[in-house]
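J.: sharing a sequence plus its predicted fold:
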Amino acid sequence: MKEMGAIMKQLALIWVVLLLSACAGNPSVEDGVTEPPLSVEEQFQQAEQNRAQGKYGEALGGYAPLTERDDEWALRSKLAIAQMMLDQGRNQEALRAFNLILEEAPEDVGALEGRGLARLALGDAEVASSQLLKVNQAEPGRWRTLNGLGVAADMTGDFAAAARWYGEALQAGGERPMVINNAGYSLIMAGEYREAEQLLERGTLRFPNESRLNHNLAIAQARQGHYNDAMRTWRKTMDRVEALNNAGYIAKLNGDTEKARTFFDEAVAISTRYRPTVDANLRSLDGGAVSAK
């Protein structure tokens with residue numbers, strides 16, 4: 001019992017360090033603000049809303065006091081903080097946080113999933129895939145797990161497996177911009193440009209403000225030689241010179257050298273803003289490297 005108590009104290013101390021680190025990365029946490037008292041559930045839900053809106057400092061201010069409780073809210077808040085670190089790209093800290101949670105609750109599926117996703121974000125596709133497969137076996141149908149397995153398959157070049165995982169993620173309620181974009185880009189990498197175009201086009205109709213979907217849709221169109229369609233798509237989110245440079249870049253990849261030169265020449269004629277990039281791309285037509293803006 002004494003040994004267990006010492007372990008729990010050590011875990012608590014490490015959590016304090018992680019919270020201080022999180023606070024350092026979220027300077028909008030406010031101290032000394034007096035507001036009407038909230039119930040535990042209300043406090044947690046308010047933190048969740050702030051996190052969903054990208055207000056990480058306010059979210060942390062709501063979660064942190066709950067981590068000191070002796071009930072389920074402590075674990076839920078720790079999970080939320082770890083996920084927030086992952087959302088912010090603080091992947092190593094997120095991995096430490098998820099591992100700490102698993103010391104307390106070894107079978108917690110959310111923490112197991114988070115650990116695998118943190119590993120994936122750190123570029124360890126093999127370990128991440130192994131961990132996420134175990135999560136999928138324990139609790140099938142978690143869209144984040146399925147999406148993560150798709151990303152891991154892409155990282156190892158297994159595009160057929162990636163397509164299956166993304167398909168399952170979409171069916172499991174993961175029809176979100178991130179999953180659609182990942183699935184579409186995976187199809188592009190696999191050379192399935194028409195299928196990618198169809199998927200990404202549906203995505204842009206549903207999420208018209210998602211620039212990533214728009215950009216990859218244009219790539220899928222240009223990869224098929226449909227440069228006019230691609231230009232119209234790119235122009236929704238960028239200026240004409242940048243779109244011309246992108247079109248030239250894809251034309252070069254397609255082996256359409258003369259078309260690429262036409263796009264690059266027009267870009268230079270319109271504006272000098274991207275001149276270094278466009279000039280580099282023009283030189284690449286004679287054997288150099290190609291640069292995408």
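T.: Received, thanks. Please read all numbers here as calculations on a predicted model, not as lab measurements.

J.: tell me where the model's unsure across the stretch 1-150 of the chain.
T.: For the stretch 1-150 of the chain, the stretches with pLDDT under 70 are 1-36.

J.: at 80 instead, please
T.: 1-37 (pLDDT under 80).

J.: now do the phi/psi pair for Gly225.
T.: phi 80, psi 10 (degrees, to the nearest 10).

J.: ok, it touching Leu253?
T.: No. Taking C-beta atoms under 8 Å as the contact criterion, Gly225 and Leu253 are not neighbours in contact, 11.3 Å apart. C-betas here are computed from N, CA, C, even on glycine.

J.: now do the contacts for Asn147.
T.: Asn147 makes contact with Trp165, Tyr166, Ala169, Gly174, Met178, Val179, Asn182 under the criterion C-beta atoms under 8 Å, 6 or more residues apart in numbering.

J.: a markdown table for those residues, including secondary structure?
T.: Compiled in a markdown table, these are given as follows (DSSP: H, G, I helix; E, B strand; the rest coil):
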| residue | secondary structure |
| --- | --- |
| Trp165 | helix |
| Tyr166 | helix |
| Ala169 | helix |
| Gly174 | coil |
| Met178 | helix |
| Val179 | helix |
| Asn182 | helix |
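
J.: Tyr56: which of those residues is nearest?
T.: Within the contacts of Asn147, the smallest distance to Tyr56 is 18.1 Å, found for Met178 (C-beta to C-beta).

J.: for Val179, see how far away the nearest residue to the closest one once chain neighbours are set aside is.
T.: With C-beta to C-beta, 6 or more residues apart in numbering as the measure, Asn147 is the residue that lies nearest to Met178, at 7.0 Å, once sequence neighbours are left out. As for Asn147, its distance to Val179 is 5 Å (criterion: C-beta to C-beta, to the nearest Å).

J.: any shared contact partners between the two?
T.: Overlap between the neighbourhoods of Asn147 and Val179 consists of Tyr166, Ala169, taking contacts as C-beta under 8 Å, 6+ apart.

J.: what about Thr257, how many neighbours?
T.: Neighbour count of Thr257, defined by other C-beta atoms under 10 Å: 12.

J.: do the one 5 residues further on as well
T.: Here the count is done by other C-beta under 10 Å, and Thr262 has 16 residues near it.

J.: what's the answer for the one 10 residues further on, then?
T.: Residues lying near Thr272 (other C-beta under 10 Å) number 12.

J.: how close does it get to Ala251?
T.: On the measure of C-beta to C-beta, Thr272 and Ala251 end up 22 Å apart.

J.: pick out the residue closest to the middle of this structure.
T.: Most central residue of the chain, judged by C-alpha distance to the mean C-alpha position with C-alpha atoms, centre = their mean, is Met178 at 6.5 Å.

J.: what pLDDT does that residue get?
T.: Among the per-residue scores, Met178 shows a pLDDT of 95.

J.: now Ser284
T.: At Ser284, the predicted lDDT confidence score is 79.

J.: with the one 5 residues further on instead?
T.: In the predicted model, Ala289 carries a pLDDT score of 48.

J.: could I get the buried residue list for stretch 223-239?
T.: Arg223, Gln224, His226, Tyr227, Asp229, Ala230, Met231, Thr233, Trp234, Thr237, Met238 (16 or more other C-beta atoms under 10 Å).

J.: my error: substitute stretch 127-145 in the last question.
T.: Of the residues in stretch 127-145, those buried by neighbour count under the rule 16+ other C-beta under 10 Å are Ala128, Ser129, Gln131, Leu132, Val135, Asn136, Arg142, Trp143, Arg144, Thr145.

J.: picking up where we left off before, how much space separates the residue nearest to the centre of the chain from Gly148?
T.: From Met178 across to Gly148, the span is 11 Å (C-beta to C-beta).

J.: ok, Ala222 - contacts?
T.: With contacts defined as C-beta under 8 Å, 6+ apart, the neighbours of Ala222 are Ala230, Asn246, Ala247, Ile250, Ala251, Asn254.

J.: of those residues, which pair is most distant in space?
T.: Pairwise distances across these peak at 12.6 Å for Asn246 and Asn254 (criterion: C-beta to C-beta).
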